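**Q** this one's sequence-less:
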């Protein structure tokens, strides 16, 4: 790999890592208060379609991202009503939301653009080049010549860390994820915290989906979320439920995905499935080696009801 | 007559089929310590949870400062100056003490710095010393109890309500707490506490309320009453003899002659295990003979949990030998985690142990009629307050859960019974029943190891007494068989309590 290729590799790493980072940061917040939203994938694909339709309607990619965010939030709302409000099993509810999201978006897409998938061309999010920072050798363009959504991820990581560990609201949220009964006894409105955190996660997953459709490809395809919701959940574990580490883990996963493209491009005589599997194998290795000591929030995935 | 700071009248609260409160009254006056007594399931905790805004009453009237109020949430209770110290700890284990204290104190007060200052101020004033930056899960029960009290005091309540604050404290710690409560009441606050031990409540209270079956049956000042009258009110039987309930008689069986000839049922030699959140065992020797009760006295966290687990065959020694019999019953002190499966009903919980016994299975099939009969027998014999054996364990009060466990494990103990704080959380009558059952079991030739932090219990029941301190076990000589004698051995080299 020469220097030009390396720059391309790094740029691709960040580009592939950003949607994971956005979705995983949102999921970090909901998992910290005890909600594991397997429906994340549904929010991402809804965000992608919402982003595409919004960008078409307004002929503006930024407004498209807004529509995508709302679409992701609506998906999470369904999940929150059933799993948080009614106290249903989170895994089953989330799976239903993901499957429903994939099916619904496919159906809407076909109804709107036809079964063959007309070549859809969308307004794309322009790259925003940060003067000065983008001139840094090697990593400058990779990090600081990206779509605006990338900067959102960079800013959210420290902001969410501060929220979780330095504000009373973050403390309450973490208490809900560790021991909802104790939180309630301390006067925290457990269901409301979980509801809002889940909606926030859905909102960011919607932005992540819109990023997929609008930041680089400029198109929508059925199932284009391609499992990123589930990968984002693994990224949260890899990042030990800490927003700063979650951002790093998302970029690491982005790099692993970019790496396999490069290996394929270099033309090794190995079945391409091996390369496809690489990021997942890396994740497994990282999970086994590094997450071992980290502990999930104690009340994660446990439905909770007030005993009053 | 001073007017009451808070007054509860005709409070009713139902849980499914169980009527926990049916017309309970309680009035707390400024400047008094008010003791609330009652048997298991009499509704003491329910009443306090109503006062703390954790439970809404189905009927009844609550007045604070003469005005009717609705306490719909803990926040409501605080806004009326009511602070509740819970029986079951409501701390978040993985958060630090400081974070737990900050929890729920919104706004600028939620800044860790501000909370720290406020906490240090209260600590300085009350002497409730706790390590602020330690995670709560690293703390012992005594420290956790102090954190709970600190948490309530941080809000500077006018009315402080404590649910069983002494259950996990050593006698010295309990005495310190009582001094603090008297001081707090002296500042014009109203303090109310629930405790099981009548003498303890009499010691600290100015006035008393006794609950029975969810109703207030006696309210009076300490001078107007006696221990015997209170016990009669609690039990609801005018003929009851206080002595029969184990009050006053602490002579104990004292090294019964003849026991020494019987066979050794269980024996540990040089057993070592690493500690799980306390001392481990550091070369422990103990032998237990058929028909004797060996009492193990000690302060929590000195290796009792490990000793119980090894004797019950739940934990293998890392070195040394353990010779244990086949049929062992084990009453674990951690009933919610090790004793019962909360989402199983009584029959299923009984089945968990009984499926190993003959007659309760044929081949790989469980014989549910037999198991149900056995569960019904335990419910009846041990007076478990549950509508039926189909009731879920989680819907029973703590004391009733303990009755189920005791009933089940007594049946399992063919050769040996390991009982770890078997009467913790039980009222007098239930505790007396457990004591009788342990003695009956021993006279039937079963070896009993009674591990307890309740020194009176150990002194009353044991043929031989051993003291455990820092993972070491020492036999208490006949000459040292007094509260003071055993107490000093219990402290061992442990100077924290010195």
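**A** Alright, I've got the coordinates. All values reported here derive from a predicted model rather than from experimental measurement.
**Q** Please count neighbours and contacts with C-alpha atoms only from this point.
**A** OK.
**Q** How about the residue in chain B that chain A sits nearest to, nearest residue that isn't a chain neighbour?
**A** Checking chain B residue by residue against chain A with C-alpha to the nearest C-alpha singles out residue B:90 as nearest, at 4.3 Å. Distance criterion C-alpha to C-alpha, 6 or more residues apart in numbering or on different chains; nearest residue to residue B:90, sequence neighbours excluded, is residue A:182 at 4.3 Å.
**Q** count of residues packed around the one you found?
**A** By other C-alpha atoms under 10 Å in any protein chain shown, 21 other residues sit near residue A:182.
**Q** In terms of helix, strand or coil, where does it fall?
**A** Three-state assignment for residue A:182 (DSSP: H, G, I helix; E, B strand; the rest coil): helix.
**Q** what's near enough to touch it?
**A** Under the criterion of C-alpha atoms under 8 Å, 6 or more residues apart in numbering or on different chains, the contact list for residue A:182 reads A:175, A:176, B:89, B:90, B:91, B:92.
**Q** Next, the buried residues of the helix or strand bottoming out on mean pLDDT in chain A.
**A** When each helix and strand of chain A is scored by mean pLDDT, DSSP states H and E, helix A:272-286 comes last, with a mean of 75. Neighbour counts over helix A:272-286 (16 or more other C-alpha atoms under 10 Å in any protein chain shown) mark A:275, A:276, A:279, A:280, A:283 as buried.
**Q** In terms of helices and strands, where is residue 45?
**A** Unless you meant another one, I'm taking chain A. helix A:40-58 (DSSP states H and E).
**Q** My question was about chain B, not that one.
**A** Per DSSP H and E: helix B:44-51 holds residue B:45.
**Q** same thing with residue A:69?
**A** Here residue A:69 is assigned to helix A:61-79, by DSSP H and E.
**Q** How many neighbouring residues does residue 162 have?
**A** Using chain A. Around residue A:162 there are 14 other residues, counting by other C-alpha under 10 Å.
**Q** nope, chain B please
**A** Residue B:162, neighbours per other C-alpha under 10 Å, totals 24.
**Q** which residues touch it?
**A** Taking C-alpha under 8 Å, 6+ apart, one finds B:48, B:84, B:85, B:86, B:87, B:191, B:192, B:193, B:194 in contact with residue B:162.
**Q** one more time with 7 Å
**A** B:84, B:85, B:86, B:192, B:193, B:194 (C-alpha atoms under 7 Å, 6 or more residues apart in numbering or on different chains).
**Q** Most neighbours out of those residues, which is it?
**A** Ranked by neighbours (other C-alpha under 10 Å), those are led by residue B:84, which has 29 neighbours.
**Q** I'd say that residue and residue B:159 touch.
**A** No - using C-alpha atoms under 7 Å, residue B:84 is not in contact with residue B:159, being 8.5 Å away.
**Q** Give the buried residues for the helix or strand of chain B at the bottom of the mean pLDDT ranking.
**A** Lowest mean confidence among the helices and strands of chain B (mean pLDDT, DSSP H and E): helix B:483-491, at a mean of 72. Across helix B:483-491, burial judged by 16+ other C-alpha under 10 Å covers B:486, B:487, B:488, B:489, B:490, B:491.
**Q** quick one: low-confidence parts of the stretch 101-250 of chain A?
**A** Along the stretch 101-250 of chain A, segments meeting pLDDT under 70 span A:115-119.
**Q** Around chain B, which positions in it sit nearby?
**A** A:168, A:171, A:172, A:175, A:178, A:179, A:182, A:185, A:186, A:187, A:188 (C-alpha under 7 Å from any C-alpha of the partner chain).
**Q** Neighbour count says what about the residues you listed? Which are buried?
**A** Counted by 16+ other C-alpha under 10 Å, those give A:168, A:171, A:172, A:175, A:178, A:179, A:182, A:185, A:186, A:187, A:188 as buried.
**Q** Please list the outside residues in contact with the helix or strand harbouring the second one.
**A** Right, the one you point to is residue A:171. Using DSSP H and E, residue A:171 maps to helix A:168-178. Applying C-alpha under 7 Å, 6+ apart, the external contacts of helix A:168-178 come out as A:32-34, A:163-165, A:183, A:188, A:190, A:193, A:297-300, B:92, B:103-104, B:106, B:110-111.
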